[in-house]
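Visitor: Provide a 3D model corresponding to the input given below.
(2 chains)
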Amino acid sequence: MSDLQRFYLTTAIAYANSRPGLHTLYEVVGADAIARWHRMHGHETFFLTGTDEYSVNIATTAAKLGKTPKAFVDEMVALYRTAEEAIGIAPDRFIRTTDPDHMRAVHEMIRRAHANGDLYQGTYEGWYCPNEGFRAPSDLVEDATGVHCPNHPGVELQWLTERNWFFRLSAYQERLERYYADHPDWVQPEYRKNEMLGFIRQGLEDFSVSREKAPWGIPFPIMPDGSSSQLPDGSWNPEAGTVYVWFDALTNYVTGVGFPDDPDRFAGRWPADLHIIGKDINRLHTIMWPAMLMSAGLPLPREVWVHGWLLVQGERMSKSRGNFLDPTDVAAALGTDGARYVLLREVAFDRDTDVSWDSFVRRYNADLANDFGNLVNRSLSMTARYLGGERPAPRSPDEAPLAVAWRAAHAAHEAKLSGYFLHDALAALWEFVGAANRFVDAEQPWVLAKSVREGDQAAAARLRDVLGDLLEACRLVGFAAAPFIPTVAPRLADQLGVPYPYAADGNGGPPLDELLRWGSGPAGGRIGVPTPLFPRLETEAQLASRDEPASRDEPASPAQA
RNA sequence: GGCGGAGUAGCUCAGUGGUAGAGCAGGGGACUCAUAAGCCCUUGGUCGGUGGUUCGAAUCCGCCCUCCGCUACCA
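Guide: Next up is the predicted model:
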């Protein structure tokens, strides 16, 4: 391929109504790893994430705290940015729906839909929960005393009628079905696509895109008579209402790449290659959003990946349930890279997964401390001890047994990663780690070293070959895993005594594939000081057993955090 | 109710016609380079139930049980 590859990916923007939970950041970590993978391949990558800041809810919460909505969301955004930094997120833009350019984008989307005849005035009526807004009949609980909101059973619901602008979604049913037929892979995993196809075939109804009674929102730019709602002083007529938050939120994906202010930049970036979203907002992204784009005359995103939820004992991890882990806590305990690895290895990217603190610690210890970290440490220690720290070259791909294993592992890793099965991609890589550990025990370098001390020249050559192969294996895994462990990867390279050519966000350097060829590392040189990259953690069970009399003959070492 | 998916070792899952698998957890062993890590061996399952097709079924078909997803305007 001669022309520069570009890759534009997004996460859903997080609802800034409270502090971030690990479940919210999960998809951001996944997206960040994918973004880094593309950057390291030399693709011109743009990774967008951010916050969704308008809603009646947020205005209400802010008012209760005696704050303006903007002051409140500013605080929430600061918490998000701190947590994202702790877990190593490097977006190319952190978009906020309160950003000024976003309002211009939303207005342009509304104007285009209106100009296209897809907006009309209508009335919307239904049960309204003062805490949550309009509720679907299927979302309500009915008993002898009447109809209630399941989340706010004590609150009396109101039957409200609003005069709103409606978007003609019904007009897009056929076009959407055709798009699905022509792009069979555009929604992944496939079962999620099938759910949406089923929904489309039930028949699509128009939906309202303006709100009369939600002042904390983007001003609706058009008056009922079709004229602009902008007043002579530049402000917007409140009589026009505000834009429905989902119409506003979805538009962030085009705002982020220059719509409508910078047509050249936008043309170079849009359509997005990948939207990563949670399963609860699939319909918005794969039915409503494409219809909005069609109405605006814009191309559709190439792929939407629908990930599952983190579960805690079978229940969805969520802020409202209060069963969520704090991402900052997890990063503090496991380290930035430990938290990222464990999250993306332990949780399947295509479905729900039960997680627990203990499952995270077990995975960290098994994969990072015991298997990979220890492989690096034992390889380096033997090099320091037996070869005086001089790094031997690996054998040629034809001679090195590990080179064969690497070819298979690398191919599997790339295949799984390009299909966004991140957990399987890491599993493929770690199979190679296992092969390298078995290689150590098969070759027994310590035995070779003893023979060398006794003057065995053949053993000396063999020892150099074995350690050269092992250090090469460590280098390859380190670079292949770098999108997942971006802060440890450079430290590993340093210990191995090889250069790390990428910037902190993964940009710069040669295409990653070049560095992932067996034997592509620098020849000669010295290793650095072996230092454990992933210190072993103690599980709660192990900590508890320390106090048992059975282990009293073992002097207790101080527990590491 | 409609459409779709799943039930396989303690846990998480792979396995779509030919003598039940992996990782983790548990047990044992030999070693010692290493973060008491790694390596080898191993305990453990009538593959949800039932009837059928087949020489042969976790795998195909029927019925039943259980669980889950989607079934429109909180974000």
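
Visitor: From residue A:97, how far out is the closest residue to residue A:515 other than its chain neighbours?
Guide: In space, residue A:515 comes closest to residue A:479 once its chain neighbours are excluded; the distance is 5.0 Å by Cβ to Cβ, 6 or more residues apart in numbering. Every C-beta, even on glycine, is put in place using the N, C-alpha and C of the backbone. According to Cβ to Cβ, to the nearest Å, residue A:479 and residue A:97 sit 37 Å apart.

Visitor: May I have the secondary structure class of residue A:160?
Guide: Following DSSP: H, G, I helix; E, B strand; the rest coil, we place residue A:160 in the strand state.

Visitor: That one: neighbour count?
Guide: 14 (other Cβ atoms under 10 Å).

Visitor: From residue A:219, how far off is it?
Guide: Per Cβ to Cβ, residue A:160 is found 21 Å from residue A:219.

Visitor: Now do residue A:512 against residue A:40, distance only.
Guide: Distance, residue A:512 to residue A:40, by Cβ to Cβ: 4 Å.

Visitor: And residue A:178, by the same measure?
Guide: For residue A:178 relative to residue A:40 (Cβ to Cβ), the value is 37 Å.

Visitor: between the two, which one's more packed in?
Guide: A count of neighbours by other Cβ under 10 Å puts residue A:40 above the other of residue A:178 and residue A:40, at 29 against 10.

Visitor: dump the residue contacts of residue A:400.
Guide: Counting by Cβ atoms under 8 Å, 6 or more residues apart in numbering, residue A:400 touches A:394, A:465, A:469, A:472, A:518.

Visitor: repeat that for 7 Å
Guide: By Cβ atoms under 7 Å, 6 or more residues apart in numbering, the residues touching residue A:400 are A:394, A:469, A:518.

Visitor: Same check on residue A:379?
Guide: Counted by Cβ under 7 Å, 6+ apart, residue A:379 has contacts A:467, A:470-471, A:474.

Visitor: same thing but at 6 Å, please
Guide: Residue A:379 sits next to A:470-471, A:474 when contact means Cβ atoms under 6 Å, 6 or more residues apart in numbering.

Visitor: Equivalent analysis for residue A:108, please.
Guide: Residues in contact with residue A:108 (Cβ under 6 Å, 6+ apart) are residue A:260.

Visitor: Quick check: phi and psi at it.
Guide: phi -70, psi -40 (degrees, to the nearest 10).

Visitor: Would you quantify the distance from it to RNA strand B?
Guide: Remark: distance between residue A:108 and RNA strand B (Cβ to the nearest atom of the strand, to the nearest Å) = 20 Å.

Visitor: need the contact list for the residue in the stretch 351-500 of chain A positioned nearest to RNA strand B.
Guide: With Cβ to the nearest atom of the strand, the shortest gap between the stretch 351-500 of chain A and RNA strand B falls at residue A:373, namely 1.8 Å. Shown in contact with residue A:373 (Cβ under 6 Å, 6+ apart): A:532-534.

Visitor: most surrounded residue in these?
Guide: Counting neighbours by other Cβ under 10 Å, residue A:534 leads the contacts of residue A:373 with 24 neighbours.

Visitor: From what I see, it and residue A:368 are in contact.
Guide: Yes: in this structure, residue A:534 is within contact of residue A:368 by Cβ atoms under 6 Å, at 3.9 Å.

Visitor: Now do the buried residues in stretch A:238-256.
Guide: The neighbour-count check on stretch A:238-256 (16 or more other Cβ atoms under 10 Å) flags A:240-256 as buried.

Visitor: Alpha carbons of that stretch, in CSV - could you do that?
Guide: The C-alpha trace of stretch A:238-256 is given here as CSV (Å, rounded to 0.1, in the frame of the first residue of the first chain):
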residue,chain,number,x,y,z
PRO,A,238,-35.4,30.0,24.3
GLU,A,239,-38.9,29.5,22.8
ALA,A,240,-37.2,27.2,20.2
GLY,A,241,-36.3,24.7,22.9
THR,A,242,-33.2,22.6,22.9
VAL,A,243,-31.9,19.7,20.9
TYR,A,244,-32.7,16.2,22.0
VAL,A,245,-29.6,15.0,23.8
TRP,A,246,-29.0,11.9,21.7
PHE,A,247,-29.1,13.9,18.5
ASP,A,248,-26.6,16.2,20.2
ALA,A,249,-24.4,13.3,21.6
LEU,A,250,-24.2,11.3,18.4
THR,A,251,-23.1,14.3,16.4
ASN,A,252,-19.8,14.5,18.5
TYR,A,253,-18.3,11.9,16.1
VAL,A,254,-18.4,14.4,13.3
THR,A,255,-17.6,17.5,15.4
GLY,A,256,-14.4,15.7,16.5
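
Visitor: can it be found next to RNA strand B?
Guide: Yes: Stretch A:238-256 lies within reach of RNA strand B by Cβ under 7 Å from any atom of the strand, at A:244-246, A:249.

Visitor: Strands - which of those land there?
Guide: Of the positions in these, not one sits in strands, assigned by DSSP state E.

Visitor: residues making contact with stretch A:265-284?
Guide: A:7-12, A:27, A:31, A:46, A:192, A:246, A:253, A:257-259, A:285, A:299, A:301-306.

Visitor: Kindly confirm my reading that residue A:295 is in a strand.
Guide: No: under three-state DSSP, residue A:295 falls outside any strand and is assigned helix.

Visitor: where are the low-confidence patches of the stretch 101-250 of chain A?
Guide: A:130-133, A:135-155 (pLDDT under 70).

Visitor: circling back: list buried residues within the contacts of stretch A:265-284.
Guide: By 16+ other Cβ under 10 Å, these give A:7-12, A:27, A:31, A:46, A:192, A:246, A:253, A:257-259, A:285, A:301, A:303-306 as buried.

Visitor: What about residue A:357, how many residues nearby?
Guide: 14.

Visitor: Not counting sequence-adjacent ones, nearest residue to it?
Guide: Leaving aside its sequence neighbours, residue A:357 sits nearest to residue A:325 (Cβ to Cβ, 6+ apart; 7.2 Å).

Visitor: for residue A:527, same thing?
Guide: In space, residue A:527 is closest to residue A:497, 4.5 Å off (Cβ to Cβ, 6+ apart).

Visitor: Test my guess that the one you found contacts residue A:525.
Guide: Yes: with contact defined as Cβ under 6 Å, residue A:497 counts as touching residue A:525 (4.9 Å).

Visitor: Indicate whether the longest helix along chain A makes contact with RNA strand B.
Guide: Secondary structure of chain A per DSSP state H: the longest helix is helix A:457-480. No: counting by Cβ under 7 Å from any atom of the strand, RNA strand B is not contacted by helix A:457-480; separation bottoms out at 9.0 Å.

Visitor: The next helix or strand after that helix vs helix A:457-480, what angle?
Guide: Downstream of helix A:457-480, the next assigned helix or strand under DSSP states H and E is helix A:488-496. Orientation check (axes from the mean of the first three to the mean of the last three Cα atoms, to 10 degrees): helix A:488-496 against helix A:457-480 gives 160 degrees.

Visitor: Now do stretch A:37-53: distance from first to last residue.
Guide: With Cα to Cα, to the nearest Å as the measure, stretch A:37-53 spans 30 Å from end to end.

Visitor: how far does that stretch sit from the chain's center?
Guide: The chain centre lies 10 Å from the centre of stretch A:37-53; the measure is Cα atoms, centre = their mean, to the nearest Å.
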